[in-house]
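Q: just a sequence and a predicted model for now, questions to come.
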Amino acid sequence: MNKPTACAYLLILPFLFITACVDIKKATYFNNLPDTSRLALNEIKIPQQTIQVNDQIEVRVGGENEKATEYINQYLTGGAGSTGGIQNMVDIDGNIELPLAGKIHIAGLTRDEARDAITKGYAVYLKNPIVSLKFLNFKFTVLGEVKSPGYFNSTNEKINLFEAIAMAGDMTPYSRRDRVKIIRDDNGKREIITLDFNDKNILNSPDYYINRADIIYVEAQKNRFVSENFSKTISVLGAVTGIIALFLAIFRN
């Protein structure tokens, strides 16, 4: 290697070292956990999530009225005799439409409250109606400094923060784990929640389980952009240094 090239790389080397450094403590989840083989955590009650517009739900109805039940069964997913239920999407007004019972407003209700409302709707047609309801979609979004940001849909109704982040490929070494934001919209009531994944207290957070339609945003550390910009600069400097070295070699000959 000739002298000009060697000098250029010697000048560049310290900057590469500085920009390549990642604070291990900041890149570790709940790094203040005590050093013990077993640690008891608080019991977290899974929140009763409210039904929202565009939610997809499945309703199953049964009761002591053969003709009414036979009529309802025509609308089961897959037709009469199917093991499925009646699939519905909550419309823009917060209603679903069911055979015989008609439109029932369920947006803003919990699943138990919606089940009670549907049961009342069928009480006219069925003796001792039995109604069950489940969500068919659990949609959420993960954006920012993760390996695979995107829009995710799951049939699981119980998803915690770490499962959600894992579905996005986990955070990168350049993620700000101390400033992860959840943007939440619950039937028009909107809020932003900031969480610290470096802190053990996140394991006992009331927001440990996410809600449907949550948007999780992971900020990037500033040195990520410094590192990227410096890498581009290094590439340009390397090319320029190579050209200079080539010209010097030509002129020496």
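A: Arrived safely, thanks for sending.
Q: Ser175 pairs with what?
A: Ala220 (DSSP bridges).
Q: which residues in the stretch 51-200 of the chain form helices?
A: Listed from the start of the chain, the stretch 51-200 of the chain has helices (DSSP state H, counting those that start in this stretch) covering 66-73, 111-122, 161-167.
Q: from the chain's centroid, how far away is the last one?
A: In terms of CA atoms, centre = their mean, to the nearest Å, the centre of helix 161-167 is set 7 Å apart from its chain centre.
Q: mean pLDDT lowest where, among the helices of the stretch 51-200 of the chain?
A: Set side by side, the helices of the stretch 51-200 of the chain differ in mean pLDDT, and helix 66-73 is lowest with a mean of 80.
Q: could you chop the protein up by domain?
A: Taking automatic domain parsing as the criterion, the chain consists of the domains 56-135, 138-220, 226-253.
Q: ranking these by mean pLDDT, which is last?
A: Taking each of the domains of the chain in turn, the lowest mean pLDDT turns up on domain 226-253, with a mean of 64.
Q: any idea how far Lys200 lies from Val146?
A: In this structure, Lys200 lies at 21 Å from Val146, with CB to CB, to the nearest Å as the measure. For glycine as for every other residue, the C-beta is placed from the backbone atoms N, C-alpha and C.
Q: sorry, wrong one. I was asking about Asp186.
A: Counting by CB to CB, the separation of Asp186 from Val146 is 24 Å.
Q: between these two, which is the more surrounded one?
A: Taking neighbours as other CB atoms under 10 Å, Asp186 and Val146 compare with Val146 leading, 23 against 15.
Q: for that one, what are its contacts?
A: Going by CB atoms under 8 Å, 6 or more residues apart in numbering, Val146 touches Ile165, Ala168, Gly169, Asp170, Met171, Thr172, Ser175, Val218.
Q: ok, Asp196 - how many residues close by?
A: By other CB under 10 Å, neighbour count at Asp196 equals 16.
Q: please name the residues that touch it.
A: Asp196 is in contact with Arg177, Asp178, Arg179, Val180, Ile202, counting by CB under 8 Å, 6+ apart.
Q: show me the contacts for the nearest residue to the third one once chain neighbours are set aside.
A: Counting by CB to CB, 6 or more residues apart in numbering, Glu219 is the residue found nearest to Arg179 once chain neighbours are left out, at 4.9 Å. Residues touching Glu219, when contacts are defined by CB under 8 Å, 6+ apart, comprise Gly144, Glu145, Ser175, Arg176, Arg179, Val180, Lys181.
Q: grab the nearest non-local neighbour of the first one.
A: With CB to CB, 6+ apart as the criterion, Gly144 has its nearest non-adjacent residue at 3.8 Å, and that residue is Val218.
Q: which stretch of helix or strand covers the one you found?
A: Val218 is part of strand 215-220, with elements assigned from DSSP states H and E.
Q: quick one: that strand to chain centroid distance?
A: Per CA atoms, centre = their mean, the centroid offset for strand 215-220 relative to its chain is 10 Å.
Q: for Ile44, find the nearest of the helices of the stretch 51-200 of the chain.
A: Across the helices of the stretch 51-200 of the chain, the minimum distance to Ile44, taken as CB to CB, is reached by helix 161-167, at 11.2 Å.
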